[in-house]
Structures are given as C-alpha cells and as structure tokens.
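Peer 1: fold the following, please.
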Amino acid sequence: EYRGLVKHTGGCHCGAVRFEVWASPDLHVFNCNCSICTKKQNRHFIVPASRFKLLKGAENLTTYTFNTHRAQHTFCKTCGVQSFYTPRSNPDGYGIAPHCLDDGTVHSVVLEDINGKEWEKAVKEHKTIRDMSKP
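Peer 2: Numbers count the residues shown, from 1 in each chain. Predicted coordinates for the structure are as follows:
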C-alpha cells in the first residue's frame, strides 16, 4: 500500500488482460498528438513500474514498435485494446489508459496536451514528465 495513492484495477475490453496500479485518485493524463497517439486516441497517465502489476493475460499481449522502438505499444490480441504501454518518455514505467480503469477509484482527471509531433523538444521542455516513473 502506498500513502496517498489508491489501487486502481482495469483491463482490456474482453477481460483477457487485467492489471492493478497504485496511483493518485486525481489523475494527470497526457493527451499526445504524435502519429500513433492520434490514431488510437492514446490518453494516459504515467506510473513507476513498481506500482504496476499485471494480474492476468501476459500470454494475450502483443507489442507494436516503430521509429526508435523505445515505446512498447502493448495490446490485447483478442480485442485490440491497449490498456497500458511502456512510453518512450518513461521506459522505466507504464502509461495507463484511464478509460480502461474500473469504475469507482478516479476522483478527477486533469488533461494536459503534449506536443508529440515535436517529441524531443516537448519532453526536453517538460518539467516533470521524466520523473513520473520514479518511485
């Protein structure tokens, strides 16, 4: 258990992939405009790997990479939903899709646009994004 955090649970549409994550009930969600995030409407909040646990479905996940191959876009082989992934900005953490969380643990969401079309510049100028995956 983590002080000030709540245990969120979630997963993909078909239920083959399930996870739990410890995070604030007040989520800071990124809305990225890079090519892949735009295509799949990937809004996500970032957590350290130590606060994420895959409960089931490892064998049902597949991964897509492109360009630098640093981001690991994982998704369910059955329903195609990406409920979490490893972001390029935070390869030591996870990007969690808030819309894949079960009801009842999120109190509020603050949405921040990030200019993924100019990824290098945006991440360099952002004051906190790289620290979001630190325990």
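
Peer 1: just for the protein, where's the confidence low?
Peer 2: Within the chain, no stretch falls below the threshold (pLDDT under 70).

Peer 1: tell me the centre residue of it?
Peer 2: Residue closest to the average C-alpha location in the chain (CA atoms, centre = their mean): Gly95, at 1.7 Å.

Peer 1: all helices for this structure, in order.
Peer 2: Ranges of helices in the chain, per DSSP state H, are 35-40, 119-125.

Peer 1: of those helices, which is nearest Thr105?
Peer 2: Ranking the helices of the chain by proximity to Thr105 (CB to CB) places helix 35-40 first, at 23.7 Å. Glycine gets a C-beta too; all of them are placed from N, C-alpha and C.

Peer 1: contacting residues around the closest one?
Peer 2: Asn31, Cys32, Asn42, Arg43, Phe66, Ala71, His73, Gln82, Gly116, Lys117 (CB atoms under 8 Å, 6 or more residues apart in numbering).

Peer 1: for it, list every residue counted as buried.
Peer 2: Going by neighbour count (16 or more other CB atoms under 10 Å), the buried part of helix 35-40 is Ile36, Cys37, Lys40.

Peer 1: same deal with stretch 13-32?
Peer 2: Buried residues in stretch 13-32, counted by 16+ other CB under 10 Å: 16-24, 27-30, 32.

Peer 1: swap in stretch 70-79?
Peer 2: Within stretch 70-79, the residues that count as buried by 16+ other CB under 10 Å are Ala71, Gln72, His73, Thr74, Phe75, Cys76.
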